[in-house]
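In: Give the three-dimensional model of this entry:
(4 chains)
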Protein chains: 2
Amino acid sequence: MSNRPPTLDEVAQRAGVSTGTASRVINNAQHVSAKARQAVERAVEELGYVPNVAGRSLASQRRGAVVLAISSDDPALFANLFFAEVITGVNAVIEETDLQLMLVLAASERGRDRLARLLQSRSADGVMLLALRENDPLSKLADESGVPVVHGGRSLDRTPRWYVDADNRGGARQAVEHLIGIGRQRIATITGQLDLHVGVNRYLGYREALALAGLDDSRVAHGDFGEASGVAGMTRLLDEHPDLDAVFVASDAMAAGALTVLRDRGKAVPEDIAVVGFNDVVTAQHTQPRLTTVHQPIEALGREMTRMLVRLVNGERPTPLILPTELVIRESA
Amino acid sequence: MSNRPPTLDEVAQRAGVSTGTASRVINNAQHVSAKARQAVERAVEELGYVPNVAGRSLASQRRGAVVLAISSDDPALFANLFFAEVITGVNAVIEETDLQLMLVLAASERGRDRLARLLQSRSADGVMLLALRENDPLSKLADESGVPVVHGGRSLDRTPRWYVDADNRGGARQAVEHLIGIGRQRIATITGQLDLHVGVNRYLGYREALALAGLDDSRVAHGDFGEASGVAGMTRLLDEHPDLDAVFVASDAMAAGALTVLRDRGKAVPEDIAVVGFNDVVTAQHTQPRLTTVHQPIEALGREMTRMLVRLVNGERPTPLILPTELVIRESA
DNA sequence: GTGAAAGCGCTAACAC
DNA sequence: GTGTTAGCGCTTTCAC
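Out: Numbering: from 1, shown residues only, chains lettered A, B, ... in the order given. Got it, this is the predicted structure:
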């Protein structure tokens, strides 16, 4: 059991200066003589002084911490790479600051309550909110809490003041333009939920690309991003539009489902029907054939959200950001 | 911009009681009349009072937060499911408490420094340390910091006072016993690094099972848990022990490598050679044939580490825990 | 450039 | 059962 850590007062005393001066040195403020500075630095060294965060917070009204909150209905959502990648990005930026990172996984009602309290109690200097649902009440709560809030992604109902999002629409357009580029003319799509911002925007990107090329955009099946709905969607498309020669699928999971249908129906990919997915999850490299897909900059999302929040905490006014996506061409298209 | 949040004093005044009484109610302590309690509760409600953590920390000498620290040389390590699963488990327990969770990813030297400072400054009431390297200096530092430390996994050099670990040895034994149970007699193994606790223990489990059955345990190749070393190990085993009829591989990644070798050599799995892996990562379900493997209770690890730490923070003295693993039987054995 | 002192909001010890 | 009060360790204002 180690002793009580030294206080600033003790450091000051040891250095033969006042507490005020010691404090100035610690926070490397102006108006300190080189002599005093050195004396304090020596004392800090000798005593092994580390500032007490609680005292500091109380006096300075700053917390020295930000929270990353992930709100979702689906606990399984955490258990995937997306999550790990975001955190890796967040951590990379946090490491360069003096801030601590608090993590709140708000999958349950209870978790959401805790997050709400956290926000109200101003235990953090800022919040990054990855609200994976539409109309998440947390979103409003966070904005009202008085601390800076950076959103990851957008929702249909309201555009947050500060957010970082991936260019879903542009990515989708790029994917479809690729299909057009390799000579496809009858291009279908399987969409995600159209009550989600991502769902709508990937669909809009699809239509945009076809409109620009003067092609028909009526070969549409609606899914929910899950593999099963990819199976269902592909089946329906094949039945209703037997002439299609390509399909843009709004998620890799659905694309994986679609591929199994195509195989069962004896369609060669990409010869008969070219397939492009979206997300670039690991499994995209393991499908048969390997999936051409739109890569999402997930780690960058975490990084940029954090950078934005740090700026806000420092009193700067950053602007929202939309991160480019990238088409990864493999065998399926 | 909302107003300054109300203080306890204001709540007390509104309720017509003293600050002391208000504090007692907030922390639901003894010795408060029902009347006073109600009055305070109403005032809290009306004013929307939420305790200020900094003030509380300073006065109570408790932080109300614990940290989960993941120390590793390999940044890529975070980017996997293991990580997400552990956190999910940790979060589940944290949610039931008033504690906040701080996350420190200490992949870089800098990250490790930050963690060290965090520990020294006692910004947290406890630490969970997932030190994924042997001889991690952090391990010592954490123990010396004076706050309770719960370790995830063990290392060869020292057994921590409090830890949660998976039963690597038992899992390995179980795997090999399964091979014996399906009639195999000439069972080989591909080990992981033998300078890692997990590596040694899975190897010991292998030897234990064979010793108990009176079988030969000399068919051994040493790998490093990576896929490439699985390829090399299997090749060597096949060359040196052409008679083997089963192999226990200490990781799924190595097992995947081994399977490709067996396929190339025209060996049928499991008919000619049965294969069992370890870890039960997602890809184990996607190998050809699907891999029989030992499932690691990763989420449970996170959960139990947290439970243990919470007990420690509350002044209880829990005991170390070794979590059982489970054999998942698929096609490969 | 430096020191003194007044809090920041809360808990806990003590007196009643 | 309740009120009073002295800090917890730090920042910050204000004199000097």
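In: which residues of chain A fall in strands?
Out: For chain A, applying DSSP state E gives strands covering A:65-71, A:100-106, A:126-131, A:149-152, A:163-166, A:187-191, A:220-222, A:246-249, A:274-279, A:292-295, A:321-323, A:326-328.
In: Compare those and give me the one nearest DNA strand C.
Out: strand A:65-71 (16.5 Å; C-beta to the nearest atom of the strand). C-beta coordinates here come from the backbone N, C-alpha and C atoms, glycine included.
In: Give me the contacts around the closest one.
Out: By C-beta atoms under 8 Å, 6 or more residues apart in numbering or on different chains, the list of residues contacting strand A:65-71 from outside reads A:77-78, A:83, A:86-87, A:90, A:94, A:99-107, A:111-112, A:115, A:118, A:123-133, A:136, A:138, A:142, A:306, A:309-310, A:313, B:102-103.
In: contacts for the worst-scoring helix or strand of chain A on mean pLDDT?
Out: Lowest mean confidence among the helices and strands of chain A (mean pLDDT, DSSP states H and E): helix A:137-144, at a mean of 80. Residues from elsewhere that reach helix A:137-144 (C-beta under 8 Å, 6+ apart): A:69, A:71, A:106, A:112, A:115-116, A:119, A:127, A:129, A:131, A:149, A:151, A:155, A:158, A:160-161, B:2.
In: Give me the buried subset of those residues.
Out: A:69, A:71, A:106, A:112, A:115-116, A:119, A:127, A:129, A:131, A:149, A:151, A:155, A:160 (16 or more other C-beta atoms under 10 Å in any protein chain shown).
In: Can stretch A:123-134 be said to contact chain B?
Out: Yes: Stretch A:123-134 is in contact with chain B by C-beta under 8 Å from any C-beta of the partner chain, via A:Ser123.
In: Using CSV, list the CA coordinates for that stretch.
Out: Included here for stretch A:123-134 are C-alpha records, laid out as CSV according to Å, rounded to 0.1, in the frame of the first residue of the first chain:
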residue,chain,number,x,y,z
SER,A,123,-19.2,14.5,-16.2
ALA,A,124,-17.6,15.0,-19.5
ASP,A,125,-16.4,17.9,-21.6
GLY,A,126,-18.0,16.5,-24.7
VAL,A,127,-19.8,13.6,-26.3
MET,A,128,-19.4,11.6,-29.4
LEU,A,129,-22.7,9.9,-30.2
LEU,A,130,-23.0,7.0,-32.5
ALA,A,131,-26.7,6.7,-32.5
LEU,A,132,-27.5,3.8,-34.6
ARG,A,133,-31.3,4.3,-34.6
GLU,A,134,-33.5,6.8,-36.1
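In: Could I get the average pLDDT for it?
Out: In this model, stretch A:123-134 has an average pLDDT of 86.
In: With stretch A:58-68 instead?
Out: Averaged over stretch A:58-68, pLDDT sits at 93.
In: for stretch A:245-259, same thing?
Out: Stretch A:245-259 comes out at a mean pLDDT of 95.
In: right, is that stretch up against chain B?
Out: No: Stretch A:245-259 does not reach chain B (C-beta under 8 Å from any C-beta); its nearest approach is 11.1 Å.
In: end-to-end on that stretch?
Out: Across its full length, stretch A:245-259 reaches 14 Å between end residues, using C-alpha to C-alpha, to the nearest Å.
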